[in-house]
Structures are given as structure tokens and as C-alpha cells.
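Undergrad: need coordinates for the below:
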Amino acid sequence: MRAPLYTRDKEVAVTLPEGDSYRVEPGVKDKERFPSLIGSVLAKAVGWPILWVVLAVILIVPSASFLVLAFSPKLFGQGSSYFTLSNFIQGLQGVTLQGMRDSVVVGLVAAVLATAVGAFLAYVLQRTTLRGRSLVSVGIWGTLLLPSYVIAVGWQVLLDRGGVLSSVHLYSPTLLNLFFGPGGYALILAIKGVPFAYLALSGPIAALGSSYEEAIRVHGGRRSDLLKTLTPIILPAIFSSLVIVFAESIADFGTAAVIAPNAHFPVATYMLYVSLSSYPANFPLAAVIGWLLVSTLALALLAQNRALKRRGFGTLGGKSGVAKVKKLGGLGQLGYGLLVALFLSISLGIPILGAIASSLLKPLSSMALSNLSLFAYRSVFSLQGFSSSVVFSMKMAAITALLGTVLAVLVARRLTNGRLGIFGRLLDVTVLVAVALPGLVLAAGYIFTYNLPLLDRMGVHLYGTTTVLEMAYLAGALPSSSRVLVGPMAQLRSSLLEAARVHGSGPWRSWSKAVLPLVAPSILRAALLTFAGTFLELPASELLSPPGVTPVSVAIVQVLNKSDLYQGTALSIVALGIDLGVIAAAIVLFRVFAPKGWRRVGGRVI
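TA: Just a heads-up that it's a prediction; the model follows:
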């Protein structure tokens, strides 16, 4: 009997006679394996340069152009000096520096709170038998989809004079002052950060096999020992959660637009907005603030790399045990249920209550049952171009989700390779640049880059097209989705691909058969995260939309700019419902059509 035996270096044919001896004939199928070798070499020699070209076009060049503007304003027609440090001197003092300090403080508080709550939700949904887990997942996605300015407006409608609490004689000036202070600002940012933390932590927590818990219990360990043992194993996911929430928090503009104008403390993004919107606009100062944001994130990234350096976190493999699910009794169901309900009330209940209350009121009427009406919702569906706006935004969001997820998988796998080197560290910093720069600044970078006269003379006409808008969407989505995938990718053992290659699979088949089934739920989450963020994305849509095209987010802002709060909030709720409906449909399709093994890696995943 002749049977092929594959090794890492070559393939040999083994002849097994009837006796106990055997002989080896090398090189029987070397020619058949030659295409796989070519594919592997091409993947390494061509794949990474192409990735760097893509990153340069959508991230590095636009971001670098705007940052260069800080010390070379004349290069972009924004000043008289090719090199100056006066803008940095102006930005490192006074209210601008104070705004940066305030942003860092509230960002750190929001990151810690969001990671703690996200870890709790991931444990409850993935490792317990809590009833209504599907509804809680919908609530988490709703929090992710709800724009930060809608959350802030909902809280303001609740607490403001003449708002919901005031209508029932519970108005409190103290609560209102707390809301328009650092505490309220950090609370809104933490609420928006919880979905990112949950997405980064749920996969690794669900994939932890029961062997660790069993070993600790066999040796007489307590729950505290279990926590001390399992926490370091998912440390990459924890740091990914902290970094991404911190980055999203210090770069968030929606919350700043609502709270900062009436607050008693400045924040960096609002200072940046003032620099861009003032007349004349101070683009160099805005670029300096961008430098401060990038530098702050670089320090956070350095702390993450130092904490994870020279440590292995591989736990996922072909023999990974199924995670043990805790069966909750009556008290457990009540306790966990109340805590989850508290989070959903704070994150969704209050904002949606405020938005719905304002959308159901008759124009220019007070908060009373007799003034409730569906006038605002009827007017939304009669808006000219509403359906075309929805279709356009859905198409762009779907394209961004597909392309962005592929790029995110490549980037996350490279970042968790174990031997980053100079280019790996540069890649790590690069994918965070777009998160550090607010979307408004990144969009401005696209204007400065792809609207240059030099490109027109070269025959490159991207500005004012859907192509440049799609590039901006990708640039904004890639850092978040890649960070979400860092934790799951870090848990993959390198032996998975090696085993597949030993058995004769090429690089692409090895990925699809050995790796993809283990990380499919996490990849789905990253894709849905990208879709959700793109569908209601505002800064790039506002600045880069082609003529004659109105994305959904721009349509909402246009209505709100007409001082029509009722129709604006109604339009926001309708758009949110459409977005959430697409997400729910994708999850249902995955549950129905995905192989069973893809849906139950390490236990209950989705």
C-alpha cells in the first residue's frame, strides 16, 4: 500500500508492506506541490506590499498631509512659512492644552468603565444561562448604532428644564450641572465604548475552554484564583478594549458638540471644531491638535506593547475544550438580569425615551400627553430623496464592511504575529492614526490630499466622487475593526496553519479550513461593526459626499439645521431601525446557514 506523507519541507511517498518494515521514496509528488509553494511565496512577497499600498492611499497619505500642515502651512496654501513651530507653541498653552488634558482624563475614565462593563456583559451572555440573551445582544448593537449626539441629546431632554423630569416635577439643577461637566461627558463616552469593549472581549471569553477552570477547582482554587488565572490569558483583548475605547473617546465629536458648548471645561475635539469652523479657519492649529491626539494614542500603544511583550497567549487549537456555561438559578437570574437591565436603561432607555418624546410632540408644543402626534414620522417618509439616501448609505456601508473586514483580518493577523519588528510596529501605529484623528480632521485630510492641483495635472480626479468617499469610510472603519480582531487572532495557535500545511493544504485553503471556522463569529462582529458605523457616519459624509448624493446622516443633519428637532429625531429613529434591522438579519442568516462548528467555538458565541 502506498500513501502520501506530508512534511513541512517536502512531500514523500511511504510504501507500507505487509510486514513491519517500510521504505521511503522521496520526491514522488514534488511537482504537484509546486503550485502551493508558488502561492505561499507570492502571498508573502506580494501580499504585504499591496497591503501597505492600500494603507498608504487610504490612511497614511491623507493623515500625513494634514499633520504636515501643522508646521508647513504654505505647502498647502494656508500660511506664509514652509517651516514654522509657532502653531505648536500656540497649541501647547492656554485653553487648547487644557482641553487636551481634559480629553485624556475623561477618555481614561471612559475606557476603564466601558471595559469593565463590556467584560461583565461578555461573561453573562457567553458563559451563563441568563434568559433573554438575544434581546440583550440587540440592546448592545443598538447602543453601538445610536450616534453619540443622540445619546447626549436624549439625556439632555430628560434632565433639562422643561424636559421629561421637569414635566413630572423632578427637575434637578444639580443633576443638570453634573451632566454638563466631566462626569456626564465621561458617562456618555463610556456608554458608547461598551459595545466596542464587548465585541473585543466576547469572543476570547467565549473561547476559553473549561480545562483552566477545572484545573483550578481540582487544586482547591477559589473564584478569586479563577479570575487571577483567566484574566492574563485574555490580556490582549483587554488591552485592545482599553485602547480602542480610549481612542474613540478622545476623538469623539458628537458628545462634544452637545455638552462642550454649555459645559465648564474644554475638550480637544471641540477646540479642534472651533479652529475649523471659525472665520477664517485655523487649519494649522487644528493640525496641531491632531498631533496631540496621535501622540497620546502612541503612548497608550507603547504601554500596551510593553505589557504584552514576550508573552504568549495562544489558547485556541484543534483540541480546545468547550467552555463551561454557568447555570443560573432564580436569584442568579434576578441579580444578573437587574444589572443588565440597568445598563440597557442608561445606554438605550433614557436616550431613546428622550428622542421618542421629542419626535412624538407636535411642533412648538410642550411636554404633555395631549400634544403627542405622529406628524414627524409621516413627514419623514414624505421627504424628497429619503429612499435614495437610505439605498446609497446601505450600498456604501456594505462595500465598506466587506473590504474593511478583509483588511482588518490581515492587519490583526500581522499585529499578533509575535515578531512585529520595525514594520509591524509602524503598522500598529498606522492603523490607530485614523482613530486618533477625529473624522472631521481625516475628511479634511482627504480634501487637502486628493484636491491638489498636482493630481489634476496628473489626470487623477478623485475629489468629488464616491470613490474618495469610500476610501474615507475605509480609513475610519479599519482601526476599530482591526482592534476588535486583535484579541481573537492573538488566541490562534501557529500550529493550526502548520498542521494544515503539513497535510498538503495551500495558504488559502489552510486559512479557510483551519482558521476561519475558529474566528468566524469575531469576523462577523467586525463586519457588522463596520456596517453600523458607516451607515450613520457623519464627518466624511458631510465633507466628501459627491454632488447630488445625500447620505442618511447628512439628511438628518440637514433637517436638524432647519431647527426641526421633531422631524430630525424621528428621522434618526427611522434610520436607526433600518440599521438595526440589517444587523439582525445578518445574525439570523449566520445562525441558519453557517456550519454548526462556526457558531459554537468554545461554547455559545452568538
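Undergrad: residues in contact with the residue sitting nearest the centre point of the chain?
TA: Centroid check for the chain by C-alpha atoms, centre = their mean gives residue 480 as the closest residue, at 3.2 Å. Going by C-beta atoms under 8 Å, 6 or more residues apart in numbering, residue 480 touches 196, 244, 248, 435, 529, 530, 533. Where C-beta positions appear, they are placed from N, C-alpha and C, glycine not excepted.
Undergrad: pLDDT score for it?
TA: If you check residue 480, the pLDDT there is 75.
Undergrad: and it, what element?
TA: Assigned by DSSP states H and E, residue 480 belongs to helix 466-490.
Undergrad: before we move on, what about residue 70?
TA: According to DSSP H and E, residue 70 maps onto no helix or strand at all.
Undergrad: residues near residue 80, how many?
TA: 7 (other C-beta atoms under 10 Å).
Undergrad: tell me the secondary structure for it?
TA: For residue 80, the secondary structure call by DSSP: H, G, I helix; E, B strand; the rest coil comes out as coil.
Undergrad: could you find the closest non-adjacent residue to it?
TA: Spatial nearest neighbour of residue 80, excluding adjacent residues (C-beta to C-beta, 6 or more residues apart in numbering): residue 74 at 5.8 Å.
Undergrad: next: residue 156.
TA: Residue 156 sits nearest to residue 258 (C-beta to C-beta, 6+ apart), 6.5 Å away.
Undergrad: point out where the stretch 1-150 of the chain drops to low pLDDT.
TA: The model of the stretch 1-150 of the chain has pLDDT under 70 over residues 1-48.
Undergrad: that one: helices as residue ranges?
TA: Remark: helices assigned in the stretch 1-150 of the chain by DSSP state H, counting those that start in this stretch are 30-55, 61-68, 86-91, 94-127, 133-145, 148-159.
Undergrad: in the third one, what counts as buried?
TA: Within helix 86-91, the residues that qualify as buried by neighbour count (16 or more other C-beta atoms under 10 Å) are 87, 88, 91.
Undergrad: contacting residues around the nearest residue to residue 133 once chain neighbours are set aside?
TA: Among residues not flanking residue 133 along the chain, residue 125 sits closest, at 5.1 Å (C-beta to C-beta, 6+ apart). Residues in contact with residue 125 (C-beta under 8 Å, 6+ apart) are 133, 136, 137, 202, 604.
Undergrad: ok, back up a step: list the buried residues for the helix holding residue 480?
TA: 466, 468-490.
Undergrad: in contact with the nearest residue to residue 106 once chain neighbours are set aside, which residues?
TA: Nearest residue to residue 106, sequence neighbours excluded (C-beta to C-beta, 6+ apart): residue 186, at 4.4 Å. Residues in contact with residue 186 (C-beta under 8 Å, 6+ apart) are 106, 109, 110, 113.
Undergrad: how many neighbours does the last one have?
TA: Look at residue 113: counted by other C-beta under 10 Å, it has 19 neighbours.
Undergrad: which non-adjacent residue is nearest it?
TA: residue 190 (4.0 Å).
Undergrad: ok, now the second one?
TA: Nearest in space to residue 109, with sequence neighbours left out and distances taken as C-beta to C-beta, 6+ apart, is residue 186 at 4.5 Å.
Undergrad: what strand or helix carries the one you found?
TA: helix 182-207.
Undergrad: okay, the angle between that helix and helix 94-127?
TA: If you take axes from the mean of the first three to the mean of the last three C-alpha atoms, to 10 degrees, helix 182-207 sits at 30 degrees to helix 94-127.
Undergrad: got the buried residues for helix 182-207?
TA: 182, 184-207.
Undergrad: and if you look at stretch 574-592?
TA: Residues 574, 575, 576, 578, 579, 580, 582, 583, 587, 590 are the ones in stretch 574-592 that count as buried (16+ other C-beta under 10 Å).
Undergrad: how does this structure divide into domains?
TA: Under the assignment automatic domain parsing, the domains of the chain span 109-270+325-361, 383-606.
Undergrad: low-scoring stretches of the stretch 201-350 of the chain, by residue?
TA: Across the stretch 201-350 of the chain, the stretches falling below the confidence threshold (pLDDT under 70) are 207-232, 304-324.
Undergrad: for the helix or strand harbouring residue 256, packing partners?
TA: Secondary structure assigned from DSSP H and E places residue 256 in helix 254-259. For helix 254-259, the packing partners by 3 or more C-beta pairs under 8 Å, 6 or more residues apart in numbering; DSSP states H and E come out as helix 148-159, helix 182-207, helix 268-277.
Undergrad: ok, then the element right after the shortest one?
TA: From helix 268-277 onward toward the C-terminus, using DSSP H and E, the following helix or strand is helix 283-308.
Undergrad: buried stuff in that following helix?
TA: For helix 283-308, burial by neighbour count (16+ other C-beta under 10 Å) applies to 283-294, 296-297, 300-301, 304, 308.
Undergrad: now for that helix, which elements pack on it?
TA: Here helix 283-308 touches helix 61-68, helix 86-91, helix 94-127, helix 235-251, helix 268-277, helix 421-436, helix 439-450, going by 3+ C-beta pairs under 8 Å, 6+ apart.
Undergrad: so residue 550 sits in a strand?
TA: No: counting by three-state DSSP, residue 550 falls outside a strand, being coil.
Undergrad: so what's it up against?
TA: Taking C-beta under 8 Å, 6+ apart as the test, what residue 550 contacts is 385, 388, 389, 392, 558.
Undergrad: of the residues you listed, which belong to helices?
TA: Secondary structure defined by DSSP state H assigns 388, 389, 392, 558 of the contacts of residue 550 to helices.
Undergrad: list just the nearest of the residues you listed to residue 252.
TA: The nearest member of those to residue 252, counting by C-beta to C-beta, is residue 558 at 21.8 Å.
Undergrad: pLDDT wise, what is the closest one at?
TA: Here the pLDDT value assigned to residue 558 is 77.
Undergrad: how many residues are close by it?
TA: 15.
Undergrad: switch to numbering from 9
TA: I'll keep to 9 as the first residue from here, and by that count the last item is residue 566.
Undergrad: how near is the residue nearest to it when sequence neighbours are not counted to residue 395?
TA: Nearest residue to residue 566, sequence neighbours excluded (C-beta to C-beta, 6+ apart): residue 558, at 7.5 Å. According to C-beta to C-beta, to the nearest Å, residue 558 stands 11 Å off from residue 395.
Undergrad: now residue 418: closest residue in space that isn't a chain neighbour?
TA: Looking at residue 418 with C-beta to C-beta, 6+ apart, the closest residue is residue 59, at 5.7 Å.
Undergrad: and the gap between the one you found and residue 416?
TA: Counting by C-beta to C-beta, the gap from residue 59 to residue 416 is 11 Å.
Undergrad: higher neighbour count, the two?
TA: Between residue 59 and residue 416, counted using other C-beta under 10 Å, residue 416 has the larger neighbour count: 28 against 15.
Undergrad: isn't there a strand covering the more buried one?
TA: No: looking at residue 416 with three-state DSSP, it is helix, so not inside a strand.
Undergrad: mind listing what it touches?
TA: Residue 416 neighbours (C-beta under 8 Å, 6+ apart): 486, 489, 490, 492, 493, 534, 538.
Undergrad: test my guess that the fourth one contacts residue 210.
TA: No: contact criterion C-beta atoms under 8 Å: residue 492 and residue 210 do not qualify, at 9.9 Å.
Undergrad: identify the contacts common to the two.
TA: With C-beta under 8 Å, 6+ apart, residue 492 and residue 210 have common neighbours residue 533.
Undergrad: burial of residue 350, as a residue count?
TA: For residue 350, the count of nearby residues is 11 (other C-beta under 10 Å).
Undergrad: give me the residues contacting the helix or strand harbouring it.
TA: Following DSSP H and E, one finds residue 350 within helix 338-352. Residues outside helix 338-352 that contact it (C-beta under 8 Å, 6+ apart): 125, 128-129, 132, 136, 138-140, 144, 147, 202, 334, 336.
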